[in-house]
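Novice: Build the 3D model from these lines:
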Amino acid sequence: MWALRCNQGRQWWEFDAEVFSTGAAESGEVGAGLEAVLKEVDGVRAQYALHRLNHRHCSDSIRRVYAKSSLASSRLWDANLENRAEADSNSNPVPEDCARDAESTAAFKGMRFFAGLQMADGHWPGDYGGPLFLLPGMVIACRVSKVELDDATKHEMVRYIRNTQNQDGGWGLHIESDSAMFCTALSYVALRLLGMISTAEEAVRARRWIHEHGTALSIPSWGKFWLAALGVYDWRGMNPLTPEMWLLPYWLPVHPGRYWCHCRMVYLPMSFLYGLRATGDADAVVQELRTELYTQPYESIKWADHRYHCCPADEYFVRSPLQKLFWGVLYMYEWSPVFAPLRRLLRPLGLRETMLQVDAEDHNTNYIDIGPVNKVLNTLCTWYRSQVLREDPAKIGEASAKKNSAQPLQDADASFARHVEPLKDYLWLSEDGMKMQG
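Specialist: Next up is the predicted model:
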């Protein structure tokens with residue numbers, strides 16, 4: 001069974017097969033109580049799946065099932081046991097001075113209700129999901145950095161992606177939106193990486209939607225980035241995320257450090273990974289995805305022609321000529337042989353600066369980071385830094401790393417390990433499955 005744990009404001013779900021098997025083996029109230037909780041959890045899952053197209057939002061029902069069970073409160077979640085009596089309507093009924101009017105009665109019942117949901121460390125956890133582009137990013141990042149997800153977690157992730165699929169076979173930007181290429185292609189890729197076979201009914205419907213709407217070549221910019229990072233899209237097919245932009249004087253209006261915080265903290269690690277052309281291993285599933293996402297041979301695609309290619313369902317505004325001109329100049333810098341000497345000179349400096357800023361974000365937030373997107377991107381950055389330090393430290397401006405000391409590599413490995421551990425803090429389990437939340 002799944003158990004909800006907490007520690008000083010952190011929360012995470014962990015699967016413990018022994019929790020139920022041990023309880024079931026016990027005779028009497030304990031075994032029967034745990035079995036009743038499990039049965040109720042299965043019931044709310046089935047109800048959500050039955051009505052998912054009409055009621056997109058879950059009710060955080062697993063959390064509520066656990067909260068109302070005194071047995072679950074001691075075994076399946078780190079409840080604030082001091083509040084259990086206070087949260088019990090039988091032992092703590094509405095007092096007479098509150099029962100005189102509806103407002104006071106409602107306020108008392110509300111406080112009693114929330115008392116029963118409080119964790120042992122004093123905080124209240126809960127579902128904060130909705131966007132459908134978060135979970136695929138984590139799945140891709142874990143695949144590329146070789147972080148193993150356990151089978152129970154993968155099973156619940158698949159449940160969530162299946163539950164959020166639209167009737168037409170696609171996925172929208174969020175659980176209530178119409179289908180779009182961005183989340184349809186990414187969700188399809190995530191399902192395949194999580195173990196779903198290509199002939200599964202959900203996969204066939206998704207692939208049909210992708211092919212009918214321009215294939216993955218029309219995925220918007222963030223989607224192009226994630227597919228390129230996995231190895232099922234070519235970096236030449238997206239507009240540049242030049243890391244040397246971070247070397248510009250800060251007073252310039254175009255300096256990335258002047259972007260809105262959630263914007264700059266996403267494009268910062270993206271710039272590092274783009275500058276490295278960081279691409280995962282082309283394993284069997286990646287090779288299959290290269291044929292499944294497109295209607296023409298992967299090797300024949302002229303990637304540069306699709307930099308501005310965007311599915312109409314994803315296009316909210318038309319790029320200005322000035323923006324296209326700026327990107328065109330950067331694209332020449334990135335790919336023209338004429339600028340190769342300048343790139344060789346500046347690229348290590350740009351990568352070093354972006355990684356310095358990534359490290360600052362990690363240290364300032366204790367490796368939680370500002371949000372789920374840059375969390376997995378920063379994780380990927382730290383993993384690639386470790387790989388580069390082993391092979392060619394000069395590539396990221398660390399020319400003396402191998403020569404002088406093993407400490408930079410040890411620090412890099414430690415940074416990646418610290419990133420992996422709190423990934424679970426961003427995952428939330430409910431009757432719709434396991435999602436990545438904000």
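Novice: just for the chain, where's the confidence low?
Specialist: 19-30, 71-74, 399-405 (pLDDT under 70).
Novice: what about the strands in it?
Specialist: For the chain, the strands defined by DSSP state E occupy 2-7, 10-15, 171-172, 179-180, 427-430, 433-436.
Novice: partner strands of the fourth one, parallel or antiparallel?
Specialist: In the sheet containing strand 179-180, the strands it pairs with under DSSP bridges are strand 171-172 (antiparallel).
Novice: Off-centre distance for the helix ranked longest in the chain?
Specialist: If you go by DSSP state H, the chain has its longest helix at helix 340-364. Distance of helix 340-364 from the chain centroid (CA atoms, centre = their mean, to the nearest Å) equals 24 Å.
Novice: What residues sit buried inside that helix?
Specialist: The neighbour-count check on helix 340-364 (16 or more other CB atoms under 10 Å) flags 343, 346-348, 350-355, 357-359, 361-362 as buried. Quick note: C-beta positions are derived from backbone N, CA and C, even for glycine.
Novice: Could you do stretch 129-146 as well?
Specialist: 129-145.
Novice: picking up where we left off before, is it possible to get a markdown table of the strands of the chain that adds mean neighbour count?
Specialist: Shown next, in a markdown table, are the strands of the chain (neighbours: other CB atoms under 10 Å):
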| stretch | mean neighbour count |
| --- | --- |
| strand 2-7 | 18 |
| strand 10-15 | 18 |
| strand 171-172 | 26 |
| strand 179-180 | 25 |
| strand 427-430 | 25 |
| strand 433-436 | 25 |
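Novice: Now flag whichever of the buried residues of helix 340-364 is closest to Ser198.
Specialist: Nearest to Ser198 among the buried residues of helix 340-364, counting by CB to CB, is Val358 at 35.3 Å.
Novice: quick check, nearest of the buried residues of helix 340-364 to Leu173?
Specialist: Nearest to Leu173 among the buried residues of helix 340-364 is Glu361, at 25.1 Å by CB to CB.
Novice: Show the contacting residues for the closest one.
Specialist: Neighbour list for Glu361: 265, 268, 369-370, 374, 378 [criterion: CB atoms under 8 Å, 6 or more residues apart in numbering].
Novice: Next: Ser386.
Specialist: 409, 412-413, 416.
Novice: Can you tell me how far Val139 is from Ala206?
Specialist: Remark: distance between Val139 and Ala206 (CB to CB, to the nearest Å) = 15 Å.
Novice: My error: substitute Leu293 in the last question.
Specialist: From Leu293 to Ala206 the distance is 10 Å (CB to CB).
Novice: now Ser177
Specialist: According to CB to CB, Ser177 stands 16 Å off from Ala206.
Novice: same check, this time on Cys58
Specialist: Counting by CB to CB, the gap from Cys58 to Ala206 is 21 Å.
Novice: same deal with Glu398?
Specialist: Look at Glu398 and Ala206: by CB to CB, they are 42 Å apart.
Novice: And stretch 307-320, end to end?
Specialist: 14 Å (CA to CA, to the nearest Å).
Novice: Just give the number of residues close to Arg207.
Specialist: When neighbours are defined as other CB atoms under 10 Å, Arg207 has 19 of them.
Novice: my guess is it meets Val189, correct?
Specialist: No: with contact defined as CB atoms under 8 Å, Arg207 does not count as touching Val189 (10.9 Å).
Novice: So for stretch 185-201, what gets flagged as buried?
Specialist: 185-194, 196.
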